[in-house]
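Visitor: okay, predicted coordinates and the sequence, questions at the end:
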Amino acid sequence: MNDVFHFVKMHGAGNDFVMINDPELRFKASSRLISALCRDHTGIGADGLILIRHDEENDFRMRYFNKDGGEAEMCGNGARCAAMFAYMNRITGKKMSFSTGAGTVKAEILEKEIRIGLGEVNGYIENLELEDSAEKTGFAICGVPHAAMLTDDTKSWEENRFLALARSVRYDPALAPEGANFNLVSIVDKHSLVYRTYERGVESETLACGTGAAAVSVITSKMGLTASPVRCETSGGGLLQVEFTLNEDGASECYLTGPAVATFEGRFSISAYDQ
């Protein structure tokens, strides 16, 4: 049936995605359909949806959509899942390159993890001037924009307190009109930190954010608090490692290493959701 699609549910350190192999462009992406599929309880449930499609220049193309149905340029954890998904489906070998909205990504399947090249983290600002907060807030772009605020212990923040702060920063006029993901960060030592991320498009806290890990690693390193490589503990307790070379605008040669796990697979009918 042309209406039925096979999917695989995957997650990267808790950041979860609906994965669909769509080389023939059968899946007609609409924000309403994607939002319905990603919705908890009545859908498959996920932070986002990823389409794997044919690409003329690279091994494949990754199109990434947030939970609200909006398309985003890049997702670090999603890119690692895309790499593993492509390898599992024999689209590529263990080394690959693929297209994203933020440019070409190179990836390698390691023994237990996936390493991807994120290229540059740029647009570094040491301290944003925000309307609703006097706290020092750094900023950088890793495919998507990220703001980062330091605190002594991210884990001690109750959910409501974190969400209130995150939403005020995410919608701050200084970041208009696109807004930004918000990260709360605690330094453990020179090569490790703990962070929490509120993702625009999901409009809530996620268990992990790959581009967030890269952004906060570079921001804190530019502040002199960390140095490459940086091990980042996520909200879900997973670990991501970020390597990079600092420069004036942020960093170059940025790499993200972490897990990508397939948890289950199934089928869905478009007609059951796109109404």
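Guide: Received it, and whenever you're ready, just let me know what you need. Quantities reported herein were computed from a predicted structural model and do not represent experimental measurements.
Visitor: tell me the phi and psi of the most centrally placed residue in the chain?
Guide: In the chain, the residue lying closest to the centroid (C-alpha atoms, centre = their mean) is Cys75, at 3.4 Å. Dihedral pair for Cys75: phi -150, psi 120, per degrees, to the nearest 10.
Visitor: for stretch 250-260, what is the average pLDDT?
Guide: Average pLDDT, stretch 250-260: 98.
Visitor: still on that earlier bit, wait, the residue nearest to the centre of the chain touches Thr211, no?
Guide: Yes: the criterion here is C-beta atoms under 8 Å, and Cys75 meets it with Thr211 at 6.7 Å. Quick note: C-beta positions are derived from backbone N, CA and C, even for glycine.
Visitor: okay, now the domains of the chain?
Guide: When the chain is parsed with automatic domain parsing, its domains come out as 4-113+260-272, 120-257.
Visitor: do me a favour and get the end-to-end distance for the first one?
Guide: According to C-alpha to C-alpha, to the nearest Å, domain 4-113+260-272 extends 10 Å from its N-terminal end residue to its C-terminal end residue.
Visitor: show me what contacts Ala180?
Guide: Each residue near Ala180 by C-beta atoms under 8 Å, 6 or more residues apart in numbering is listed here: 139, 144-147, 169-170, 200.
Visitor: please, which helix or strand holds the nearest residue to it once chain neighbours are set aside?
Guide: Once flanking residues are discounted, Ala180 sits nearest to Pro145: 3.9 Å by C-beta to C-beta, 6 or more residues apart in numbering. Under the criterion of DSSP states H and E, Pro145 resides in strand 144-150.
Visitor: buried stuff in that strand?
Guide: 144-150 (16 or more other C-beta atoms under 10 Å).
Visitor: again, but for stretch 21-37
Guide: Those would be 21-22, 27, 33-37, for stretch 21-37 by 16+ other C-beta under 10 Å.
Visitor: many thanks, I have nothing further to ask.
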